[in-house]
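J.: I'd like to go over a predicted model; first the sequence, then the structure.
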Amino acid sequence: MDIVTDRMQTQTLGYPRIGRDRELKRALESTWAGKLQPSKLLEVFDGVVEDGWIAQRDAGVDAIAVGGESLYDHVLDWTIRFGLIPDRFRGLAGLDRTFAMARGLPGVPALEMTKWFDTNYHYLVPEVDADAVPVADFGDYLALIERAYAVLGARAVPVVLGPFTFLRLSHLAAPLGAMLDRLLPLYRELLAALARLGVTEVQMHEPALVLSGVAAFRDDVERAYAGLADAGVRLNLVTYFDDLGEAYPWVVDLPVDVISLDFTRGETLPLIETHGWPAGKVLAAGVVDGRSIWRVRPDTVGAVLRRLRALPAFQPAGRLRLSTSSSLQHVPHSAARETALPEALRNVLAFADEKLAELEMLAGGDVARANAAWATFEAFAPADGVVRERVAALTPTDFQRVLPYEERRPLQVVLPLLPMTTIGSFPQTREVRQLRARHTRGEITSAEYEAGIDALTAYAIGVQDGLGLDMLVHGEFERTDMVEFFAQKLTGFAFTQHGWVQSFGSRCVRPPIIYADIARPTPMTVREFAVAQSFTEKPVKGMLTGPVTIINWSYPRTDIPRHEIAYQLGLALRDEIADLEAAGAKAVQVDEPALREGLPLKRERWDAYLAWATGAFRLATGKALPETQVHTHMCYSEFGEILEAIDGLDADVISIENARSDDVTLGELAAYGYPREVGPGVYDIHSPVVPTAAFVEEKLRSFLRHLAPERIWVNPDCGLKTRAWAEVLPSLQAMVTAVVRLRTELDGGDAR
Ligand code: GLN
Ligand code: ZN
């Protein structure tokens, strides 16, 4: 890297991996369908990778992260490179093995998938046995780095997933320290091989250092980095997604040359100001947010940089680099392509390519254009006075049901013991998708579209009625996605055309953007509810997505606090519930599957998050009539640690994913003494296996060991939209058969 005086050096930590037009997604799926040769897949991969390198080079980035690119998942790549292959995949090799580990084979379950820290990216969890012997398999990685050098020269900086983070994210059957000792020689070997290729600096990605509880591993981390210090390359210790907190003083003292810290999340700057910066080390300041889609506000970033430069440690300015806060894999490729968005909005968006330009802008210091873009945007999206006043006027009673549970429950619907329901969606068949596509293309009128949706709704109601379910749902046929559907009906949201980001493997999502105040111009769900209710005497649940889930699955604005956005959403949903009640709804369900996953990485921030998250839910549901039964639903729910918050939602009924966790979640709720009703999923909707009545009956008997029958609802684990009717019908039938048997046994089937 040649140093131009006065211009700060810049670095990246990773780039979008799926291709500008999702080329890699398509190539992967064609390969899995047997329609593309694996060699062609690798060509597509190479093309996408090189495109990213060149974009970064042409944007003028000095230190470009390379080698974090992946066909499916970078954690899986390192699992394979360390030879940590679970026995069930031993017979396989090459891409077959990679994809088997990622996706499973008949009878051979895939590695478990879970969220990458608090992002919406999912990685595959390494399984490390107690007697695992890692074996180096670095061929693909070294070839990738060699290629990067050919394209980028010394600007290429290889990314390695650090040993602590790799092990911290694994399912370990042995203590972390013991596995670390087995893994370290491989890391040394890898660094030596990189040094032989001419590499001078390596990024060691160690985001796990920001997690709470890292102090317990201090010895391990120190031993690891002491062991890597003399491997022949400069180490850049990279952390992101939060500050280092209490671990700051000893982490910055690790024997590395550069440390990259996130200045967009947590409180990194005060840590540096309080504890100082170790002599001789370079700080790469992650001031360009790798996870938000907003342009930087030059004044905010400028203030951070001025405070840093004021510290003696950064007097020779060469000790300070500019960085993205994390890999750019969490944002789409290019905002410039979003030509359908109003210019005033587009000009304050920064996806990956715009963020590269921002690094250069901050390094060079010309920020006038960015300031002007924000000024124009503020005039374009002014505050909604009515909404702001409503939020400002909220008082504690807005967050409470009118009557406590014991008093409101007797006023609510009367149903048989073990009432049966479903979580909301019914199969999104080809017919549903075609209907929607034809409407979007303008081939059918809105009236024709609605008539089509209503016919599907009528069918779903007929099925539920005929099977004998007790509380019905309309089926959500009109919804593409549980967040997008609401976002499209509310003000304050914008939608991109190309803004895809990888969720896992070939799966991409295109989150809406919250850019202004949120209001509800017209009812959102009442028409479909009323249609469904008109076909049956049984109660139909109004079906809404909760405020926390809408925020967590969108790109939120950053100019007002998240709780304020959540309260705006809460109020819009409150009005919707009032309209549903007026249309005859006896029950509403407010889904919050993303409540748990929004928990901050650091425990000390949990309370603040849970306070506004549960607050927003209660704001939405608190003014429901006492007669209205409020349901909520959560999936992927490891509630153990947040039971108080779950209870604090004050929902009358909570349905939970439970089948895969073997009643663990149910057990936790019961042990906590959850005082209201619970619908633990009786079968796993993620599997195509149709449960038998005996299986469901067994499940119900196990529920009865945890909860009194009056507190139990019977439902599948989650929505049924990904299943076929041919699976749904016999599955629900099995559920009904089991319940009928148990009811006779429990009370002869009388209504309570
Ligand atoms: N009501 C939604 C559905 O059934 C819930 C989806 C979810 O929990 N993710 O599809
Ligand atoms: Zn669910």
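T.: The structure has been received and is ready for your questions. Everything numeric in this text was worked out from a predicted model, so none of it was measured. Numbering: from 1, shown residues only. Ligands and ions are numbered 1, 2, ... in the order given.

J.: how about the strands in the stretch 651-752 of the chain?
T.: 653-656, 677-680 (DSSP state E, counting those that start in this stretch).

J.: between the ones you listed, which gets nearest to residue 665?
T.: strand 653-656 (5.4 Å; C-beta to C-beta). (C-beta placed from N, C-alpha, C; glycine too.)

J.: for ligand 2, which of the strands of the stretch 651-752 of the chain is the nearest?
T.: Nearest to ligand 2, of all the strands of the stretch 651-752 of the chain, is strand 653-656, at 8.0 Å by C-beta to the ion.

J.: contacts for the closest one next, please.
T.: If you take C-beta atoms under 8 Å, 6 or more residues apart in numbering as the criterion, strand 653-656 is touched by 421, 423, 589, 629-635, 637, 639, 646, 665-666, 669, 674, 676-681, 713, 715.

J.: show me what contacts the closest residue to residue 86 other than its chain neighbours?
T.: In space, and not counting its chain neighbours, residue 86 is closest to residue 127: 4.9 Å by C-beta to C-beta, 6 or more residues apart in numbering. Residues in contact with residue 127, defined by C-beta under 8 Å, 6+ apart, are 84, 86, 111, 112, 170, 171.

J.: so who does whichever residue of the stretch 101-250 of the chain sits closest to ligand 2 touch?
T.: Residue of the stretch 101-250 of the chain nearest ligand 2, by C-beta to the ion: residue 115 (15.1 Å). For residue 115, the contacting residues are 121, 122, 123, 597, by C-beta under 8 Å, 6+ apart.

J.: next: residue 98.
T.: By C-beta under 8 Å, 6+ apart, residue 98 lies in contact with 71, 72, 76, 80.

J.: count of residues packed around residue 445?
T.: 10 (other C-beta atoms under 10 Å).

J.: that one and ligand 2: what is the separation?
T.: Using C-beta to the ion, to the nearest Å, residue 445 is found at 33 Å from ligand 2.

J.: kindly report the same for residue 77.
T.: According to C-beta to the ion, residue 77 and ligand 2 sit 30 Å apart.

J.: ditto for residue 254
T.: 41 Å.

J.: same deal with residue 717?
T.: Residue 717 sits 7 Å away from ligand 2, going by C-beta to the ion.

J.: ok, how many other residues are close to that residue?
T.: When neighbours are counted by other C-beta under 10 Å, residue 717 registers 24.

J.: then residue 255?
T.: Applying other C-beta under 10 Å, we find 14 residues neighbouring residue 255.

J.: which parts of the stretch 51-200 of the chain are helices?
T.: Using DSSP state H, counting those that start in this stretch, the helices of the stretch 51-200 of the chain run over residues 74-81, 94-103, 139-152, 163-168, 176-196.

J.: before we move on, what about the stretch 601-750 of the chain?
T.: Using DSSP H, counting those that start in this stretch, the helices of the stretch 601-750 of the chain run over 606-621, 643-648, 664-672, 693-706, 725-747.

J.: elements contacting the shortest one?
T.: Meaning helix 643-648. If contacts are counted by 3 or more C-beta pairs under 8 Å, 6 or more residues apart in numbering; DSSP states H and E, helix 643-648 sits against helix 606-621, helix 664-672.

J.: if we go to 6 Å?
T.: Under the contact definition 3 or more C-beta pairs under 6 Å, 6 or more residues apart in numbering; DSSP states H and E, helix 643-648 sits against helix 606-621.

J.: check the fourth one too.
T.: Helix 693-706 is packed against helix 664-672, helix 725-747, with contacts defined by 3+ C-beta pairs under 6 Å, 6+ apart.

J.: apply 10 Å and report the result again.
T.: When contacts are defined as 3 or more C-beta pairs under 10 Å, 6 or more residues apart in numbering; DSSP states H and E, helix 693-706 packs onto helix 664-672, strand 677-680, helix 725-747.

J.: contact residues of the stretch 301-450 of the chain facing ligand 1?
T.: Residues of the stretch 301-450 of the chain found near ligand 1 (C-beta under 6 Å from any ligand atom) are 423, 424, 425.

J.: re the thing from before, greatest separation within the contacts of residue 115: which pair is it?
T.: Using C-beta to C-beta, the contacts of residue 115 span at most 13.9 Å, a distance reached by 123 and 597.

J.: return every residue with contacts to both of the two.
T.: When contacts are counted by C-beta atoms under 10 Å, 6 or more residues apart in numbering, residue 123 and residue 597 are jointly contacted by 114, 115.

J.: check contacts around the closest residue to ligand 1 within the stretch 601-750 of the chain.
T.: Closest approach between the stretch 601-750 of the chain and ligand 1, counting by C-beta to the nearest ligand atom: residue 719, at 2.1 Å. Residue 719 sits next to 422-428, 473, 475-476, 479, 482, 543, 591, 593, 633, 635, 685 when contact means C-beta under 10 Å, 6+ apart.

J.: check the gap between it and residue 107 for me.
T.: Counting by C-beta to C-beta, to the nearest Å, the gap from residue 719 to residue 107 is 27 Å.

J.: equivalent analysis for residue 651, please.
T.: 39 Å.

J.: how about residue 466?
T.: As judged by C-beta to C-beta, residue 466 and residue 107 stand 35 Å apart.

J.: remind me which residues of the protein are low pLDDT?
T.: Judged against pLDDT under 70, the low-scoring parts of the chain cover residues 1-5, 636-637, 748-752.

J.: SS state for the residue of the stretch 451-600 of the chain found nearest ligand 1?
T.: Nearest residue of the stretch 451-600 of the chain to ligand 1, counting by C-beta to the nearest ligand atom: residue 593, 4.0 Å away. For residue 593, the assignment made with DSSP: H, G, I helix; E, B strand; the rest coil gives coil.
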